[in-house]
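In: return atomic coordinates for the entry below.
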Amino acid sequence: MAFEVRIREVASDFPVQQSKSEYDDWGLKSPEAADMEISRWLIEVSIDNAWHEVGNLSAHAVWYGPTQGSKAMNIGISILEDYRGKGIGSIAQKLLAQELHQRGYVRVEASTDISNIPEQRALQRAGFNYEGTLRRAQARADGLHDLQVWSHLS
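Out: Residues are numbered from 1 along each chain as shown. The predicted model follows:
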């Protein structure tokens with residue numbers, strides 16, 4: 001299947017299609033997280049001259065100090081099940097990293113569960129570099145998980 005991939009920014013409350021993933025079973029969310037500013041993009045592919053929504057991306061700020069230059073963006077991705085394993089995620093994440101660099105962010109990062117090998121491969125293909133493991137960094141419904149951290153630098 002030959003296709004073209006594009007990303008399109010949408011409002012944070014835009015209703016995106018939800019995919020099923022064991023990595024998205026959050027359980028009870030913290031009320032403090034409700035104030036977190038999250039930017040969103042649709043992932044669309046052109047198949048037979050028509051654009052189809054196949055997933056979405058998100059980005060939120062991570063501060064490593066009080067200066068604007070210390071602000072990085074952490075991205076996340078969700079791909080509908082029928083479109084996984086086709087290289088779409090790698091392309092979309094690379095496009096988003098480039099977009100965020102154009103907006104002035106030096107550091108774009110992604111974190112993924114240490115067992116999420118397909119996402120690790122996608123990040124590598126998108127030009128991200130593995131930096132290390134954050135131990136017990138993410139709490140989901142089934143407990144604490146270790147995360148790999150990947151970065152894309154301008």
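
In: hey, where'd the helices end up in this protein?
Out: With helices called from DSSP state H, the chain shows them at 88-102, 117-125.

In: out of the ones you listed, deepest packed?
Out: The highest mean neighbour count among those, using mean count of other Cβ atoms under 10 Å, belongs to helix 88-102: a mean of 20. Just so you know, the C-beta spots here come from the backbone N, C-alpha and C atoms, and that holds for glycine as well.

In: hmm, who's touching it?
Out: For helix 88-102, contacts defined as Cβ atoms under 8 Å, 6 or more residues apart in numbering pick out 3, 5-7, 41, 43, 45, 54-55, 57, 59, 73, 75, 77, 79, 108, 110, 119, 122-123, 125-128, 152, 154.

In: just those residues: which are in strands?
Out: Judged by DSSP state E, strands contain the following of those: 5-7, 41, 43, 45, 54-55, 57, 59, 73, 75, 77, 79, 108, 110, 152.

In: now for residue 5, how many residues are close by?
Out: For residue 5, the neighbour count with other Cβ atoms under 10 Å is 20.

In: for it, which non-adjacent residue is spatially closest?
Out: In this structure, residue 5 finds its nearest non-sequential neighbour in residue 91, 4.3 Å apart by Cβ to Cβ, 6 or more residues apart in numbering.

In: what pLDDT does the model give the one you found?
Out: Residue 91 is assigned 97 on the pLDDT scale.

In: hmm, back to that, could you dump the helices of the chain into JSON lines with distance to residue 14 added?
Out: Shown next, in JSON lines, are the helices of the chain (distance: least, Cβ to Cβ, whole Å):
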{"stretch": "helix 88-102", "distance to residue 14": "16"}
{"stretch": "helix 117-125", "distance to residue 14": "23"}
